[in-house]
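Student: Got a predicted structure here, sequence first:
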Amino acid sequence: MTDKMPFPQLREQAIALRRAGNSLREIKATLAIGSNVTLSQAVRGEPPPAWTRRNRAKDDLHARARALRAEGATYNEIAAALSVSKSSVSLWVRDMPREGRLSYLEIRERNAAGVSSYWAAQRSVREARRHAGLTRAAAQIGVLSDRELLISGAIAYWCEGAKSKPHRRCDRVTFINSDAGLVQFFLRFLAAAGVAPDRLICRVYIHESADVDAAQRFWQGVTGLDAAQFRSPTLKHHNPKTVRKNTGPEYHGCLKIDVRRSSDLYRQVEGWAAASLTPPAKATGPSEPAMPT
């Protein structure tokens, strides 16, 4: 062939030679084709003659491996069944999907179910351990004496109650909290300090989107005080952009307790808290005995 031969004529002759049983090397030499690209284009779509195909001794193993893979066998199972290496199995069947293989979402759901199952078994164990720890700790404290109640109550107030500031003097006992247990403890503290219940004024602070009447009844039940001692609730405007967690029937807002005529009590609380928070004096060496006179 010369370079001036049209490609259709070149392709026709190349295909004829291919069908006659010639190899690519022979076709290239016969037609004087200089480029392997041109040769490849000339015989494209024409299968090679049978004699040019390489004899593959493992064709049977290859077919059996693919059949096993189609049945859902793993690489290790196929390698063991055919007595071949796992790398050979991978080469033969890596393009095949495994039957029954889980999707990504199914794998995530299975893992989540496993985690849930684990924590379902562990939750009761942990809860029992937690309850035992609480019980032991409560037994260490026992029933508080009046002195211990004054100490712990004064510290609780100094953490959560309103305090007078140098720039704003206000010697008055005011306590606000959302924890019903802590509110009841504060009432016990006031009783130990000699404060009569009729000196207490309460006010509920709550979001306007909550059940205000139910919250009012809840705090009356917690405190045991008369409804006349509760002022009108203070409502906080709802902001729809704020993602709040304190919602639902268990949300009762905060309760503020004001003690009337409590300036003297405030000073007492301040003193009790200061005494409780003051570190003990450092121990000094033994004093020398007095010299006889």
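Tutor: Looks like it came in fine.

Student: which SS state does L255 fall under?
Tutor: strand (DSSP: H, G, I helix; E, B strand; the rest coil).

Student: ok, it - how many residues close by?
Tutor: 28 (other C-beta atoms under 10 Å). Any C-beta I mention is one placed from the backbone N, CA and C, and that applies to glycine too.

Student: Who are the contact partners of it?
Tutor: Shown in contact with L255 (C-beta atoms under 8 Å, 6 or more residues apart in numbering): 176-178, 183, 202-205, 219, 222-223.

Student: Ok, R199 next?
Tutor: Per C-beta under 8 Å, 6+ apart, neighbours of R199: 259-262.

Student: returning to that earlier point: nearest to I155 among the contacts of L255?
Tutor: N177 (14.2 Å; C-beta to C-beta).

Student: so how far is G161 from that closest one?
Tutor: Distance of N177 to G161, given as C-beta to C-beta, to the nearest Å: 9 Å.

Student: one step back: take the contacts of L255 and lay them out in JSON lines including secondary structure.
Tutor: Below are those laid out as JSON lines (three-state DSSP):
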{"residue": "I176", "secondary structure": "strand"}
{"residue": "N177", "secondary structure": "strand"}
{"residue": "S178", "secondary structure": "coil"}
{"residue": "V183", "secondary structure": "helix"}
{"residue": "C202", "secondary structure": "strand"}
{"residue": "R203", "secondary structure": "strand"}
{"residue": "V204", "secondary structure": "strand"}
{"residue": "Y205", "secondary structure": "strand"}
{"residue": "W219", "secondary structure": "helix"}
{"residue": "V222", "secondary structure": "helix"}
{"residue": "T223", "secondary structure": "helix"}
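
Student: I'd like to know which of the residues you listed are buried.
Tutor: 176-177, 183, 202-204, 219, 222-223 (16 or more other C-beta atoms under 10 Å).

Student: Check those residues against R244 and report the nearest one.
Tutor: Set against R244, the nearest of the buried ones among the contacts of L255 by C-beta to C-beta is V204 (17.0 Å).

Student: just to revisit the earlier point, of the contacts of R199, which belong to helices?
Tutor: Among the contacts of R199, DSSP state H puts none in helices.

Student: in the helix or strand harbouring I155, what's buried?
Tutor: Assigned by DSSP states H and E, I155 belongs to helix 146-160. Judged by neighbour count (16+ other C-beta under 10 Å), helix 146-160 contains these buried residues: 149-154, 156-158.

Student: Now do the strands in this protein.
Tutor: Secondary structure of the chain (DSSP state E): strands at 174-177, 200-207, 234-236, 254-259.
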